[in-house]
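*Asks:* structural data only, the sequence is not supplied:
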């Protein structure tokens, strides 16, 4: 059990740090190079969410007290951030590759999507930290 828990925590932290860190960097750097990081970010997000679900099952299954409610807010924020990145960034990235529409408009959409996702991932991070002490 301890080995599984250590593996799940390690995967969750590493994937989440990459996902959030790259999102924060892209949000503050006007998404320079954001098209190249799309799939690594999405893969990291999926790994973070799946390992987080595994941790929920291992540590919180069957309860829904204050800690789980706070973590639930973080889960919702993370899922919304992933949705924003997949839908908005993925769509704008596709249009850039196909050279459909104004490239500056598509890049601005990517920047705004990363900024929104960064705020949501910040809320997720705060929720995880707060839940530890709830």
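*Replies:* Structure's in. What do you need? Note that the structure is a prediction, hence the values are computed from the model and not measured.
*Asks:* please tell me how far residue 16 sits from residue 47.
*Replies:* Distance, residue 16 to residue 47, by C-beta to C-beta, to the nearest Å: 9 Å. C-beta coordinates here come from the backbone N, C-alpha and C atoms, glycine included.
*Asks:* which neighbours do these two have in common?
*Replies:* By the contact definition C-beta atoms under 8 Å, 6 or more residues apart in numbering, residue 16 and residue 47 are jointly contacted by no residue.
*Asks:* lowest confidence element among the helices and strands of the protein?
*Replies:* Every helix and strand in the chain was compared by mean pLDDT, DSSP states H and E; the lowest is helix 90-98, with a mean of 82.
*Asks:* outside of that one, which residues touch it?
*Replies:* 34-35, 38, 101, 103, 106-107, 109-110, 113.
*Asks:* C-terminal to it, what's the next element?
*Replies:* Next helix or strand after helix 90-98 toward the C-terminus (DSSP states H and E): helix 103-132.
*Asks:* what comes up buried for that following helix?
*Replies:* The neighbour-count check on helix 103-132 (16 or more other C-beta atoms under 10 Å) flags 106-107, 109-118, 120-121, 123-125, 127-128, 131 as buried.
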